[in-house]
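S.K.: got a predicted structure plus its sequence, pasted below:
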Protein chains: 2
Amino acid sequence: MSARWTWHGGGLEAARRHFGAGDWIDLSTGINPHPWPGAANMVFDWQRLPEPEALTRLEATAAGFFGVDPRHVCAVPGSEIGLRLTGALVSRPARHFAPSYRTHGEMIANCAPIEPEAARGHDGTLILANPNNPDGRVTGGAAMRALLNRRGTDDWLLVDEAFADVDPGASVATLVDDDAKLIVFRSFGKFFGLAGVRLGFVIAPQTVVAALRERLGAWPLSAAAIAIGTAAYADRNWIAATRARRRADAAALDALLVRQGYRPVGECPLFRLIEVDDAQALFERLARRAILTRPFADQPRWLRIGLPANADARARLEAALTDG
Amino acid sequence: MSARWTWHGGGLEAARRHFGAGDWIDLSTGINPHPWPGAANMVFDWQRLPEPEALTRLEATAAGFFGVDPRHVCAVPGSEIGLRLTGALVSRPARHFAPSYRTHGEMIANCAPIEPEAARGHDGTLILANPNNPDGRVTGGAAMRALLNRRGTDDWLLVDEAFADVDPGASVATLVDDDAKLIVFRSFGKFFGLAGVRLGFVIAPQTVVAALRERLGAWPLSAAAIAIGTAAYADRNWIAATRARRRADAAALDALLVRQGYRPVGECPLFRLIEVDDAQALFERLARRAILTRPFADQPRWLRIGLPANADARARLEAALTDG
């Protein structure tokens, strides 16, 4: 199996080369398969440098969605670069939850993994995702506050909330303050289903926001990222409907997996993890039926499965799981 | 006069608020007013994360345009962030040409200005733009090679070639090599007239490219930046025609300025600098006629004027300059 698929989801081009063309279903990511529909018909001003005022409006609109003061919000061209730039600023000995998203182990030099259980007693700088990726486990609000309160004077709690938008109940974004050692990362592309826009947010004390802006310079975002993000975060009806629908889709995926004898792990509404004896074999079986999932090089029993877009896609997944 | 206009060009929204609505001509930037036309009709895949293969194709196409090996090319979401990320990597005592683009003084901590004349004898890390901004002066190829050869063992020559695309004769991009202490920055938005796309390139030794990729993460560019950039850099006919036309436009602007008693400075085909007794007064006179130019807070005699898009815009500029 190519390292491409265990490196990150979304490797459809490599999958087509390896397994052949066809009507592929991409379940290898945690991206909402029903994107915010407004982007398709928008016209962008590509000619001019985006106005600072437009960036400010986007950040204010996103801050409203997150429920935080806009002064704590810094837009970035994708949460991936947001994690890495912030890691370079923090630059302290750090631990990251294991298992977790790979970038968490790369964003601060010499960052070491730590089990969630052991992390409760750790007081240094700590990086985790909530909901976690790839296992979808959610750390509740009270446990998150306990983690925050345990930080030492100079140590940070860094929380990647890339998958928090469907169910923001456990988000700690509202606890960010100039006196708190807390930085939260949010992603636009996953919940809104528009990962190609490259838009994310760092929610942090104002000193960190100022340092990030210095690293980013004056025009961190494309005209499209500003226009799409501003309109999408303001679309309260779509947001409410999408939250309900993706929860229903996740329940339908759970039911399907249980019918097929799997026990899905986690509570992230945008993907599920299953444990099997030979995840590589199952990955390949599904791929031969043009269904791309997400295996893990260091976890040969894990397969992560994103939300099928509709009943047809669920039926194809179920048929592929049935036909050994 | 608001600090907005002396901070950077392109502040049209602030200009409308201050001077009133109207049919504004924006001559405050060095952005080609005739953009590459293909972007308007392109459809983008906003849903998926851009494939790594697509990023590689963009970098290879751009490398062909620059005349360099693709292994030395790293795409970034705007040359502004490229300058700042690279500055943080280089992180050595440095000097920057004065006058020059403001970011050059901010990209490395404690960077100090140096006169071009004095820079010839300096052997530390040096940052300059060629053509220079705002005065448009071009340092020739031989002088650039002399500057490069004078660097000490650990010191860098950093060359911002944001305005080099119309006339790349003085570009040193082809001298970048793993053994050379040379990093070159290129901008997509200025020559192609699409600054809102946010796309730039760092051309550097492979160790620097690798370090930049680590800072950027896997998806530094939007789907649109990849698609537009790949198509535009491959459009040889448009590139050749645009080079000839912008040179003609710059000559027409020169003639206009000379007719009005000014002596335009520099050879950058995308803008001209003029020296006047009271640049602020001239800025305001033009702005009251809905023509936005670029004044400088620390240079009260300077006004930078971008290329008018056509004969009508030139006529309006000339009339505004005539009517004291």
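M.R.: It's in.
S.K.: so A:Thr293 versus A:Gly30, what's the distance?
M.R.: Per C-beta to C-beta, to the nearest Å, A:Thr293 is found 12 Å from A:Gly30. In this view, the C-beta of every residue, glycine as well, is placed from N, C-alpha and C.
S.K.: with A:Ala143 instead?
M.R.: Using C-beta to C-beta, we find A:Ala143 at a distance of 22 Å from A:Gly30.
S.K.: more crowded one of those two?
M.R.: Set A:Ala143 next to A:Gly30 and count neighbours by other C-beta atoms under 10 Å in any protein chain shown: A:Gly30 wins out with 26 against 14.
S.K.: near chain B, which residues of the stretch 101-250 of chain A are found?
M.R.: When proximity is defined as C-beta under 8 Å from any C-beta of the partner chain, the stretch 101-250 of chain A approaches chain B at A:103, A:106, A:189, A:193-198, A:214-225, A:228.
S.K.: spatially nearest residue to the closest residue to chain B within the stretch 201-324 of chain A, not counting backbone neighbours?
M.R.: Nearest residue of the stretch 201-324 of chain A to chain B, counting by C-beta to the nearest C-beta: A:Ala223, 3.3 Å away. In space, and not counting its chain neighbours, A:Ala223 is closest to B:Gly196: 3.3 Å by C-beta to C-beta, 6 or more residues apart in numbering or on different chains.
S.K.: does A:Leu182 touch A:Leu157 like I think?
M.R.: Yes. With contacts counted by C-beta atoms under 8 Å, A:Leu182 reaches A:Leu157, the gap being 5.1 Å.
S.K.: distance of A:Gly140 relative to B:Pro308?
M.R.: Note on A:Gly140: its distance to B:Pro308, by C-beta to C-beta, is 61 Å.
S.K.: and what of A:His18?
M.R.: Per C-beta to C-beta, A:His18 is found 53 Å from B:Pro308.
S.K.: now A:Phe188
M.R.: Distance, A:Phe188 to B:Pro308, by C-beta to C-beta: 38 Å.
S.K.: more crowded one of these two?
M.R.: Neighbours were tallied for A:Phe188 and for B:Pro308 using other C-beta under 10 Å; the higher tally belongs to A:Phe188 (29 against 21).
S.K.: for that one, what are its contacts?
M.R.: A:62, A:79, A:194, A:197, A:199-201, A:225, A:229, A:232 (C-beta atoms under 8 Å, 6 or more residues apart in numbering or on different chains).
S.K.: Throw those residues into JSON lines and include neighbour count, thanks.
M.R.: Listed next are these as JSON lines, based on neighbours: other C-beta atoms under 10 Å in any protein chain shown:
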{"residue": "A:Ala62", "neighbour count": "24"}
{"residue": "A:Ser79", "neighbour count": "27"}
{"residue": "A:Leu194", "neighbour count": "29"}
{"residue": "A:Val197", "neighbour count": "30"}
{"residue": "A:Leu199", "neighbour count": "31"}
{"residue": "A:Gly200", "neighbour count": "27"}
{"residue": "A:Phe201", "neighbour count": "28"}
{"residue": "A:Ala225", "neighbour count": "32"}
{"residue": "A:Gly229", "neighbour count": "29"}
{"residue": "A:Ala232", "neighbour count": "25"}
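S.K.: quick one: which of those residues is nearest A:Gln47?
M.R.: A:Ala225 (15.9 Å; C-beta to C-beta).
S.K.: next up, the contacts around that closest one.
M.R.: Counting by C-beta under 8 Å, 6+ apart, A:Ala225 makes contact with A:75, A:77, A:188, A:197-199, B:222.
S.K.: helix, strand or coil for it?
M.R.: Three-state assignment for A:Ala225 (DSSP: H, G, I helix; E, B strand; the rest coil): helix.
S.K.: in the stretch 201-324 of chain A, mark out all the strands, start to finish.
M.R.: Assigned by DSSP state E, counting those that start in this stretch, the stretch 201-324 of chain A shows strands spanning A:271-275, A:291-292, A:294-296, A:299-306.
S.K.: what sits up against the shortest one?
M.R.: Read that as strand A:291-292. Contact with strand A:291-292 is made by A:5, A:9, A:11-12, A:15, A:24-28, A:286, A:316-317, A:320, as judged by C-beta under 8 Å, 6+ apart.
S.K.: what pLDDT does the model give the nearest residue to A:Gly124 once chain neighbours are set aside?
M.R.: Excluding its sequence neighbours, the residue lying closest to A:Gly124 (C-beta to C-beta, 6+ apart) is A:Asp155, at 5.0 Å. Note for A:Asp155: predicted pLDDT of 94.
S.K.: tell me the helix or strand right after the lowest-mean-pLDDT helix or strand in chain A.
M.R.: Across the helices and strands of chain A, mean pLDDT, DSSP states H and E gives its lowest value to helix A:3-7, namely a mean of 77. Using DSSP states H and E, the helix or strand that directly follows helix A:3-7 along the chain is helix A:12-19.
S.K.: in its sheet, what does the helix or strand following that next one sit against?
M.R.: Using DSSP H and E, the helix or strand that follows helix A:12-19 in sequence is strand A:25-26. The strands beside strand A:25-26 in its sheet (DSSP bridges) come out as strand A:291-292 (parallel).
S.K.: overlap in contacts of A:Leu182 and A:Leu157?
M.R.: Joint contacts of A:Leu182 and A:Leu157 (C-beta under 8 Å, 6+ apart) are A:148, A:172.
S.K.: mind listing what's buried in stretch A:169-179?
M.R.: Going by neighbour count (16 or more other C-beta atoms under 10 Å in any protein chain shown), the buried part of stretch A:169-179 is A:170-173, A:175-176.
S.K.: pLDDT of the helix ranked longest in chain A, averaged?
M.R.: Secondary structure of chain A read by DSSP state H shows that its longest helix is helix A:236-259. In this model, helix A:236-259 has a mean pLDDT of 97.
S.K.: elements contacting it?
M.R.: Helix A:236-259 makes packing contacts with strand A:271-275, helix A:311-322 when contacts are defined by 3 or more C-beta pairs under 8 Å, 6 or more residues apart in numbering or on different chains; DSSP states H and E.
S.K.: verify the contact between A:Glu267 and A:Arg137 for me.
M.R.: Yes. The pair A:Glu267 / A:Arg137 is scored as a contact, 7.1 Å apart, by C-beta under 8 Å.
S.K.: quick check: pLDDT value at A:Gly105.
M.R.: pLDDT recorded at A:Gly105 is 92.
S.K.: actually A:Gly324, not the one I typed
M.R.: 60.
S.K.: now A:Leu83
M.R.: For A:Leu83, the predicted pLDDT is 97.
S.K.: what's the spacing between it and B:Ala211?
M.R.: As judged by C-beta to C-beta, A:Leu83 and B:Ala211 stand 17 Å apart.
S.K.: one more: A:Val276?
M.R.: A:Val276 is 39 Å from B:Ala211, where distance means C-beta to C-beta.
S.K.: quick one, which of those two is more surrounded?
M.R.: Taking neighbours as other C-beta under 10 Å, A:Val276 and B:Ala211 compare with B:Ala211 leading, 18 against 15.
S.K.: how about the more buried one, nearest residue that isn't a chain neighbour?
M.R.: Nearest residue to B:Ala211 in three dimensions, chain neighbours excluded: B:Leu89, at 5.3 Å (C-beta to C-beta, 6+ apart).
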